[in-house]
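Student: just to be clear, the model below is a prediction. Sequence and coordinates:
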Number of protein chains: 2
Amino acid sequence: MEEQKVIRSLSALAQEIRLRVFRALVVAGPDGMTPGALGDALDIAPTTLSFHLKELSQAGLIEPTREGRHLIYRADYAQMNALLGYLTENCCRGASCAEPVAPVCKTC
Amino acid sequence: MEEQKVIRSLSALAQEIRLRVFRALVVAGPDGMTPGALGDALDIAPTTLSFHLKELSQAGLIEPTREGRHLIYRADYAQMNALLGYLTENCCRGASCAEPVAPVCKTC
DNA sequence: TTAATAATTCAAGTATTATTGAATTATGGA
DNA sequence: TCCATAATTCAATAATACTTGAATTATTAA
């Protein structure tokens, strides 16, 4: 994972609404959630939510697919795992360190 | 780890200079590095570096100790591990998921 | 085709963050 | 004590990010 993508992902998660949205989608798992459901659950105005969903999408942390008149957003677990991996690489000059972090969720 | 501290830590890491500084300190391990050494290694102006070191310190990701006329900054591995743990909790409704992430470095 | 629903984009104003030179604090050595 | 070194804080400017109402796009049902 390249530095700019890491920064983009960290920036995306470093904001209250986006962190809550992302975590809600992580909890939701493969079912995902629509913007409407997220807005109801987290009490966020549609325009504001849309702005933050775009930020998370552009960072590659979530992805929307259309189903009829709904969009369904899902967390991208591979991207999440890659981000964690980057942050844990190279520590203490590579010696005596734990392996790169295990995948967050093996089944999702 | 509480939400506001997570956001503060993510914000601290979501910036090119700070991400590089933090990673340099993670690599340096227990020896740590002085602002002078970091500035030389990463080519950052003293005032700018000082601003970013403060951000990382206030987020709890690094900590300075004075030795003579030098300050030595070191990464806080416990804080780092707590942050990774937060991001990996509660996924997929707790079912069939990997354990919370192992510590980044068992020896530092 | 018209109306209703789901969600987005646009544009504006507001707020937060980053950079830099100059001034300041702290320490150690001559 | 006085000077040099190490690093920080201050203040001003520049750049980014956040929020919101109004307008727009896309889809489905009547």
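Tutor: Looks like it arrived, so ask away.
Student: which residues does A:Glu63 bridge with?
Tutor: A:Arg74 (DSSP bridges).
Student: wait, it touches A:Leu53, no?
Tutor: No. Using Cβ atoms under 8 Å, A:Glu63 makes no contact with A:Leu53, being 10.4 Å away. C-beta here means a position set from N, CA and C on the backbone, and glycine is covered the same way.
Student: so where do the helices sit in chain A?
Tutor: A:3-13, A:16-28, A:35-42, A:46-58, A:77-88 (DSSP state H).
Student: same list (these) but as a markdown table, adding mean pLDDT.
Tutor: Listed next are the helices of chain A as a markdown table, based on pLDDT from 0 to 100:
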| stretch | mean pLDDT |
| --- | --- |
| helix A:3-13 | 95 |
| helix A:16-28 | 94 |
| helix A:35-42 | 95 |
| helix A:46-58 | 96 |
| helix A:77-88 | 86 |
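Student: select, out of those helices, the one closest to DNA strand D.
Tutor: helix A:46-58 (3.5 Å; Cβ to the nearest atom of the strand).
Student: could you confirm whether that closest one reaches chain B?
Tutor: No. Figure legend: helix A:46-58 not in contact with chain B (Cβ under 8 Å from any Cβ of the partner chain); closest approach 11.7 Å.
Student: just to revisit the earlier point, could I get the helices of chain A in JSON lines, plus columns for mean neighbour count?
Tutor: Below are these laid out as JSON lines (neighbours: other Cβ atoms under 10 Å in any protein chain shown):
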{"stretch": "helix A:3-13", "mean neighbour count": "19"}
{"stretch": "helix A:16-28", "mean neighbour count": "20"}
{"stretch": "helix A:35-42", "mean neighbour count": "16"}
{"stretch": "helix A:46-58", "mean neighbour count": "16"}
{"stretch": "helix A:77-88", "mean neighbour count": "20"}
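Student: contacting residues around the residue nearest the centre of chain A?
Tutor: Per Cα atoms, centre = their mean, the C-alpha nearest to the average position across chain A is that of A:Leu61, at 3.4 Å. A:Leu61 sits next to A:Ser9, A:Ala12, A:Leu13, A:Phe22, A:Ala75, A:Asp76, A:Gln79, A:Met80, A:Leu83 when contact means Cβ atoms under 8 Å, 6 or more residues apart in numbering or on different chains.
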